[in-house]
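Colleague: the sequence isn't on hand, but the structure is:
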């Protein structure tokens, strides 16, 4: 229950590991590529007669042209309207009429569509998903109505929450040049102008089998998936046109500070993001060391920040750290502290900095590193319980350019991390010139 | 292709085959009842325990007591202080979580088979010997107080608290489960000890276990986990007459989007009209893109991202609730549309096509609830708490299939009443 208290900070604090959940040998993973370039991953799990069918596109909000922020997510909504063969508004209804559930999601690096359904309905959903990869029918009417829906979605997610607005400002300040600075949902003034032409241009440019990954997980064999995938996705023409490389960050030479005020704020806090490398298959040890570092600093009551700031010094009532290793381009390493009554944001920030300095000077203990490794190993075993999260894990990794082998090798990479690796990662990457520090208060005065 | 898709959907009558879920009704040597599903394929054990009682048992002058007490259950026990407790949990890979609700508190534990023995002893100590040390008490108290302050400007929190306080002015359901700044500030160690002794009692416990464990071992570990807990008194619920004040109540808040919660009396789960009402609600507001509310509010008019309705059964009250979040200028229209759909369903009920659609979805999607051990364990707990019987998982779909159009119409006409809706809007709504 306490987890819900600092919604602000915790909303940002998602995974700390590059691949937080890894299938072990009990759930065999098979992968292959269709002739048209579409990658396929099959995860077998026969506990229930159910499958999760997902198609991931290697395109997200960070691939949007300038000026049409939110178009990737807007298209995701409009993909449910219909196709030349599926009547208007019928897509999800057909899935539901077959006892299935469907939805979709958009991120910076990918857009995914999924159905969970009885295993004997796999052919139906493949037929439908392959149809809308190329034959979606989207009209001016759809655009007009659905644009109102995404603006309401922005209101719900972002504008009604000072914490979400603050996180948006933090990211915008962290990235000087990369499109990760732009919110996935879009900037409101640009969302209001999104047109049918914008939607169709984006759809035709990116939705093609060679820019997509099929993931099927559950009560199914790789042979069954291969046969059906050849039949439905196989005939689709590849675009021969992978997403373009994105504008990257220039050298960052100055620390940034932001101070945001919002009348609705009832709890001040300070947050810092550092620009750091993402998982790199050529050098996975770096991301592994950063993952272990973020856990040692900010995960659980035994972490450095909690023990020092909350338990011992009583400067803070909430602390945390996180690292998004799974990212196509340079990513963020974040941390926050919520000051206790009688302490200022400056006190809390200074205490965070003192812990960071200590980490750079002395590194973690062997005991801390071992404990974090045990926690990560246990997480991977527990994660096998959810077949949908296994499907998501592989889909996300492959859509960011990583391989099945990268996912499965993560265990060994983590196991090899030493205390000195962690110390060195802190020294090398937690650099003020690469950071933004933000304070969120009610009216600029703390209280 | 279209034709074959439609054909497939109409052919589906009975729904796909259910997974064989073999539930064992185990009685431990000490007499504790456990529902167990053996699932040896993954080396983990999920244990879900509910203790009936929960926040509705908080004394009137100690609002937030249950919440505070169970926020302290993972802050040290036995000979381990809070930090040592956290390290120990990590070291043996035991995941233990606490949740407190209106009518119960829940303990969710996930263990690895390889550390089952240590984890069992650790959970036993955690449940029976919480320390309530001064350091974590004050830290957790400050966290709760901070949460209460933050909720003061969160439109969804305000809407929910306002709705419940108007619906249940003289009942614990009407109080915020976190309590007030005043009540939480006054709670003492003695209060938490009293709540722990009263709430964590074996007479009120319900247990579900799913994982790589057999019946004998399941009985043994539960006996060890419960060994030091008192039997206690059973909490007997008193069903309330629910009559929230009808009409619109606005809480002014400077936000771009209004949050609206609507609700009136619902229906008890043991009422013969419950299952027909459940099927009917799928069409009215429960079925996502297949529901009338989503069709009218979101798809046709673009008024909102999310609109929904659901039946909600608590131990002392049954409710029918709906909600929408929409721009201040359009909230009046959204509420009108919801009330119109409410009235249309009450007057005309569903069509045969609606009924068929609802049945195929509700029966066909049922197996999707059982695709992980922890989901199965949670469902077993729900079935026990609702007293539906151990074969419910196998009979539930036939109950849905048996619903007739007449029954669904009768349930709609009986329960739905747009004029009775108690509506709370938080924001700067125009025209309300």
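Modeller: The structure has been received and is ready for your questions. The structure displayed is predicted, hence computed values, not measured ones.
Colleague: can you give me the strands in the stretch 151-300 of chain A?
Modeller: A:212-218, A:256-261, A:269-276 (DSSP state E, counting those that start in this stretch).
Colleague: other residues contacting the last one?
Modeller: Think strand A:269-276. A:6, A:8-9, A:12, A:166, A:170-171, A:174-175, A:249, A:252, A:290, A:318, A:323, A:330-339, A:345, A:348-349, A:352, A:429-431, A:434-440 (Cβ atoms under 8 Å, 6 or more residues apart in numbering or on different chains). Using the backbone N, CA and C atoms, a C-beta is placed for each residue, glycine as well.
Colleague: same thing but at 7 Å, please
Modeller: The contact list for strand A:269-276, computed with Cβ atoms under 7 Å, 6 or more residues apart in numbering or on different chains, reads A:8-9, A:170, A:174, A:249, A:252, A:290, A:330-338, A:345, A:348-349, A:429-431, A:434-440.
Colleague: does the residue in the stretch 51-200 of chain A that chain B sits nearest to count as helix, strand or coil?
Modeller: Here the stretch 51-200 of chain A gets closest to chain B at one residue, residue A:99, 1.6 Å apart by Cβ to the nearest Cβ. Counting by DSSP: H, G, I helix; E, B strand; the rest coil, the backbone at residue A:99 sits in coil.
Colleague: the nearest residue to residue A:430 once chain neighbours are set aside: neighbour count?
Modeller: Spatial nearest neighbour of residue A:430, excluding adjacent residues (Cβ to Cβ, 6 or more residues apart in numbering or on different chains): residue A:274 at 5.4 Å. Residues lying near residue A:274 (other Cβ atoms under 10 Å in any protein chain shown) number 24.
Colleague: again with residue B:97
Modeller: 13.
Colleague: the bottom helix or strand of the chain by mean pLDDT?
Modeller: You didn't say which chain, so I picked chain A. Of all helical and strand segments in chain A, the minimum by mean pLDDT, DSSP states H and E falls on helix A:7-12, at a mean of 32.
Colleague: for the residue nearest to residue A:430, give its distance to residue B:243.
Modeller: Between residue A:274 and residue B:243 the computed distance is 55 Å (Cβ to Cβ, to the nearest Å).
Colleague: do the same with residue A:195
Modeller: With distances taken as Cβ to Cβ, residue A:195 is found 50 Å from residue B:243.
Colleague: please apply the same query to residue A:81.
Modeller: Counting by Cβ to Cβ, the gap from residue A:81 to residue B:243 is 42 Å.
Colleague: how far off centre is stretch A:184-200?
Modeller: The chain centre lies 21 Å from the centre of stretch A:184-200; the measure is Cα atoms, centre = their mean, to the nearest Å.
Colleague: need the residue closest to the centroid of the chain.
Modeller: As the question left the chain open, I've gone with chain A. Residue closest to the mean C-alpha point of chain A, counted by Cα atoms, centre = their mean, is residue A:107 at 6.1 Å.
Colleague: hmm, I had chain B in mind actually
Modeller: Geometric middle of chain B (Cα atoms, centre = their mean) lands on residue B:101, at 7.7 Å.
Colleague: tell me the contacts of the closest residue to that residue other than its chain neighbours?
Modeller: Nearest in space to residue B:101, with sequence neighbours left out and distances taken as Cβ to Cβ, 6+ apart, is residue B:54 at 5.2 Å. Listed by Cβ under 7 Å, 6+ apart, the contact partners of residue B:54 are B:66, B:100, B:101, B:102, B:103, B:104, B:105.
Colleague: so the last one, which state does it fall into?
Modeller: The assignment at residue B:105 comes out as strand when based on three-state DSSP.
Colleague: where are the low-confidence patches of the chain?
Modeller: This is for chain A. Confidence mapping of chain A against pLDDT under 70 gives the ranges A:1-26, A:446-447.
Colleague: correction: the question concerned chain B.
Modeller: Low-confidence segments of chain B (pLDDT under 70): B:1-19.
Colleague: so where do the helices sit in the stretch 251-400 of chain A?
Modeller: Counting by DSSP state H, counting those that start in this stretch, the stretch 251-400 of chain A has helices at residues A:284-298, A:304-305, A:345-362, A:366-383, A:387-399.
Colleague: okay then, goodbye and thanks.
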